[in-house]
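Chemist: Next comes the sequence, and after it the predicted model I'd like to discuss.
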Amino acid sequence: MKKVILTLGFTLLSLNAQTIRDIRFDGLVQISPEIAKEIITVNVGEELNGVKVDESIKKLYSQRYFEDIWVDEDSGILTFHLKEKPIISRVRITGVSQDKEDETLTNAGIKKGDLYDEIKIKNVEHNIKKDLESQGYYDSVVEVENNTLDSGSVQTNIVINKGENIYIKKITLHGAKHFGYKDIEPVIANKEAQFAGWLLGRNDGKLKADQLKFDSMRIKEFYLKNGFLDVKVSQPTLRTHFEDYSAELSYTIDEGPQYRVGSVDLDIDPSIADKKNLLENFKLKKGKIFDVTKLRKDISRIRDKVSNKGYAFANIVPDVKQDRSKKVANITYRVVPNKKVYINNITIAGNSRTMDRVIRRELYLSEGEAFNQNDLKDSQNALKRTGYFNDVQIQPHQVTPDKLDLIVNVNEASTGSIMGGISYGSYAGFGVNAGISDRNFMGTGIEIGTEIDYSMGEYGDGDDDDEGRTLKGSVNFYNPRLFDSLYSLGGNIFKKNYNYINYKEKSLGASLKLGRKITRNVSASLTYLYQDTELSDVDEALKNNVYYQEGKIVKSSFIPSLTYDNTDDYYLPRSGIHAGTSIEYAGVGGDAEFLSTNFSLKYYYGLEDLIDYDLILRFKGRVNIIEDNGYLPLNEKLYMGGMGTVRGFRYGTLAPRNEDINGTRGDLVGAKKMAAASFEMSFPLVESIDLRLMTFYDYGTTGREDFDEIHRSSVGIGIEWPKSPLGVPLQIFYARTLDDEDLDRTRTIEFNLGRRF
């Protein structure tokens, strides 16, 4: 560039002073001539000045669009000749896994459509090396090559040769007296290498350089949770041995004394909240070891209570006074409510598919109303219960001292699925299936689906090699908010053909369901169900059995139901209750005449707030009672076993039996009463992919006239995956029966897809 400027200056100085009659540009593509004229420092009508032209060249270079610029003049016409940098039209990267390519290029700062620039390329090499070091790879080699294409653009090829991992052999806490490495190991990212570190749950010891600066803060937070308010933790010191790529990591810690909680007080206007009630529910109590996380939870509890009164931006200041002689911390929470706040605007973000109105109809907050924290939480939970979103966050944003905007950020889940291929089910055995479904059709919140399934599995109560064939299909729809009202409408049409060993059964039916939300958490519905069932080809051994009579059976029934649901998520609730009751009255025409009463309860309780660990406890129970009002078909009776009752026993194989001619127990004839309960614990297994481990205990009892004719129980362990690669929740169980009998049919492995945990 210096050569161009000197030549230009010599040429211009040799000319007589001339007036610039016109300014032209040759070679512009990325910017327009009008923009270029605004950048340069010369104008039409001015006298030609070499210094100003020189300055114009520098300003054009500073835009970083050009690799060469020169200027000539002819009869007062000044022409800027520009050679633009080529465009990167393709980027190829090798040396990283395919799923990491986009992330690597983003971190490197290069993408298709960028202008090729030597400085940019050097930065790309530097950024990739730094990114690899943050992942624990040292001495990596990054090579960038460029090929010019026919279009004049370039293809950039990035070749990465990952270096060696550094493994942490030893972590030392200098000055620590109360805690050692084993205590802080769960909270830090960089850990000592363990034997067989590649196994799940073991530490491989790979250095995570980008997490080192945060590990110091994590250690300090650990001490603050255990009462060491004066603790000081140094930045980490890393000693690396490049001959074997090992390292030793150390921290210097000045623990100070451990404090317990002294007095706890609250300074708050009594018209806003009941001081005594709040103090009784605080986590930090006198005599307990001081814990900064409990302090934050108490502040959050105060904020929720104050926000429910409309004071969304109250100042809550914990005044912690340390008495070093007594080693106690006296706490006073001071609350300054500020102005009552009203909602200004509500903005929906993150919904590329779901319509705004589908989200807004679940909100219990609206523009112009006073802010209420409970309404915000209920709105957030209501959106999560729809199952349309992976996550929902409603964030208040202050715009004036007495007004706020609400930003509803949603992360949409995959609600549609197309299925096809070979399948295996715990009940149906091997088969082929195909179907399409969407719980949020075109973002409207409407659920539609159709499915066809053909399988060859084990049915009835015969030997293990008994096989039956099943062909079933269904079409269903459900609109949870008809015309965005409180009403819902749904229905389905289904057909089933069962080929059992001893008989054939065909069913054709349809249902229509109308519902309404009564309160935020309570809804009611009324369903009409029509079903035509035909038994044929009944085995000679069963023809004299009253329960297996050939012919058609028509069921026409009404089913009123009531449901309560205040859970905080659709697939993986951590708190709340889901309870329901329904009564099916069959006898509105048709042949079947019976009354079936059903109760169900699911209770979820997450312990993370109490023990700082994402452990979820669950209780699930159900009770079913059927009364025969004239004719109770065999297929309407109750059969226990499998998912939803007692896992470990084959689906529907636990029920009373009749007696054969020898007086021994014969065919299943079903029950009229059944009760089942499950106790479950769910633990995080691989947090990065939200994979969880669960254990369970199931118990069930059933009988003809009483509940206690048959008792069965089981225990087991399982894997649950709310966001599985299949696009729907996945559960796999290993179950062990505790009290099976001779004729019981058991199954150790069970799984289900798409079911609420």
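Modeler: Ah, there it is.
Chemist: And the helices in the stretch 1-150 of the chain?
Modeler: With DSSP state H, counting those that start in this stretch as the criterion, the stretch 1-150 of the chain has helices at 2-13, 33-39, 50-62, 101-108, 118-134.
Chemist: Of those helices, give the one that comes closest to residue 162.
Modeler: Closest to residue 162 of the helices of the stretch 1-150 of the chain, according to C-beta to C-beta: helix 118-134, at 6.2 Å. For the C-beta atoms, the positions are set from N, CA and C on the backbone; glycine is no exception.
Chemist: Report all helices and strands that the closest one contacts.
Modeler: The elements that helix 118-134 packs onto, with contact taken as 3 or more C-beta pairs under 8 Å, 6 or more residues apart in numbering; DSSP states H and E, are helix 101-108, strand 141-148, strand 154-161.
Chemist: again, only using 6 Å
Modeler: Helix 118-134 is packed against helix 101-108, strand 141-148, with contacts defined by 3 or more C-beta pairs under 6 Å, 6 or more residues apart in numbering; DSSP states H and E.
Chemist: weakest of those in terms of mean pLDDT?
Modeler: Set side by side, the helices and strands packed on helix 118-134 differ in mean pLDDT, and helix 101-108 is lowest with a mean of 78.
Chemist: re the thing from before, so can I have CSV of the helices of the stretch 1-150 of the chain showing distance to residue 602 and mean neighbour count?
Modeler: CSV is the format used below for those (distance: least, C-beta to C-beta, whole Å; neighbours: other C-beta atoms under 10 Å):
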stretch, distance to residue 602, mean neighbour count
helix 2-13, 77, 13
helix 33-39, 64, 12
helix 50-62, 65, 16
helix 101-108, 39, 16
helix 118-134, 43, 17
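Chemist: Helices of the stretch 501-650 of the chain, start to end?
Modeler: Secondary structure of the stretch 501-650 of the chain by DSSP H, counting those that start in this stretch: the helices cover 608-611.
Chemist: hey, where'd the helices end up in the stretch 301-450 of the chain?
Modeler: Under DSSP H, counting those that start in this stretch, the stretch 301-450 of the chain gives helices at 356-360, 373-385.
Chemist: if we can go back for a sec, identify whichever of the helices and strands packed on helix 118-134 lies nearest to residue 116.
Modeler: Ranking the helices and strands packed on helix 118-134 by proximity to residue 116 (C-beta to C-beta) places strand 141-148 first, at 6.7 Å.
Chemist: which neighbours does that closest one have in its sheet, and in what orientation?
Modeler: strand 154-161 (antiparallel) (DSSP bridges).
Chemist: mind listing what's buried in the strand it pairs with?
Modeler: By 16 or more other C-beta atoms under 10 Å, the buried positions in strand 154-161 come out as 154, 156, 158, 160.
Chemist: and the angle from that strand to helix 118-134?
Modeler: Orientation of strand 154-161 against helix 118-134 (axes from the mean of the first three to the mean of the last three C-alpha atoms, to 10 degrees) gives an angle of 30 degrees.
Chemist: what angle sits between strand 154-161 and helix 101-108?
Modeler: On the basis of the same axes, to 10 degrees, strand 154-161 is oriented at 100 degrees to helix 101-108.
Chemist: Any chance of a markdown table for the helices of the stretch 1-150 of the chain, columns distance to residue 580?
Modeler: Output for these, formatted as a markdown table (distance: least, C-beta to C-beta, whole Å):
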| stretch | distance to residue 580 |
| --- | --- |
| helix 2-13 | 81 |
| helix 33-39 | 66 |
| helix 50-62 | 69 |
| helix 101-108 | 44 |
| helix 118-134 | 50 |
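Chemist: of all those, which lies closest to residue 702?
Modeler: From the helices of the stretch 1-150 of the chain, taking C-beta to C-beta, the stretch that ends up closest is helix 101-108, at 53.9 Å.
Chemist: Okay, residue 110 and residue 127: tell me how far apart.
Modeler: For residue 110, the distance to residue 127 equals 9 Å [C-beta to C-beta, to the nearest Å].
Chemist: any low-confidence regions in the stretch 1-150 of the chain?
Modeler: 1-17 (pLDDT under 70).
Chemist: before we move on, what about the stretch 501-650 of the chain?
Modeler: If you take pLDDT under 70 as the line, the stretch 501-650 of the chain has these spans: 501-502, 540-547.
Chemist: Where do the strands of it begin and end?
Modeler: Applying DSSP state E, counting those that start in this stretch to the stretch 501-650 of the chain gives strands spanning 504-517, 522-536, 551-565, 575-590, 593-606, 616-631.
Chemist: out of the ones you listed, which comes closest to residue 344?
Modeler: Across the strands of the stretch 501-650 of the chain, closest to residue 344 is strand 504-517 (C-beta to C-beta), at 27.3 Å.
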